[in-house]
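> model this:
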Amino acid sequence: MSIPPLSDEQRQQARHAATEARRRRAEVKQALRRGERTLAEVLEAAEHDDVVAHTKVVDVLKSLPRVGAVRAAKVMERLDIAPNRRLRGLGKHQTAALVAEFARPTDA
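Sure, this is the predicted structure:
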């Protein structure tokens, strides 16, 4: 089965939608980086926001303060989360474990 060809207008709309989605995901990660949003808030937003839901877990973790690629990978491995998993693909136990792992001391 082949993909039907898109008209120039459809292609332009798809490009615009993809750009907007990337911009929204970048804004969410930047808010995490600045401490304006918590991991728990982002995970909850992913339940009803398709753009946030398609963000890779590793990218979200690396956006957290004091979390780099190595720590993110170790945490994901310990919690049995695949490296290519997206937020929407997390199970409730994985979500709870991530929230517990990265809860701020003042949140507890």
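> host element of Ala72?
Using DSSP states H and E, Ala72 sits in helix 69-78.
> Whichever helix or strand comes after that helix versus helix 69-78: what angle between them?
Later in the chain than helix 69-78, the nearest helix or strand by DSSP H and E is helix 92-101. Helix 92-101 and helix 69-78 meet at an angle of 140 degrees, taking axes from the mean of the first three to the mean of the last three C-alpha atoms, to 10 degrees as the criterion.
> what packs against helix 92-101?
Under the contact criterion of 3 or more C-beta pairs under 8 Å, 6 or more residues apart in numbering; DSSP states H and E, helix 92-101 touches helix 39-46. Every C-beta, even on glycine, is put in place using the N, C-alpha and C of the backbone.
> which element follows the helix it packs on toward the C-terminus?
With DSSP H and E, the next secondary element past helix 39-46 is helix 50-53.
> send the alpha carbons of that following helix over as CSV?
Output of helix 50-53 as CSV, limited to C-alpha atoms (Å, rounded to 0.1, in the frame of the first residue of the first chain):
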residue,chain,number,x,y,z
ASP,A,50,-1.4,14.6,22.3
VAL,A,51,1.6,16.8,21.6
VAL,A,52,3.0,16.4,25.1
ALA,A,53,2.1,12.7,25.0
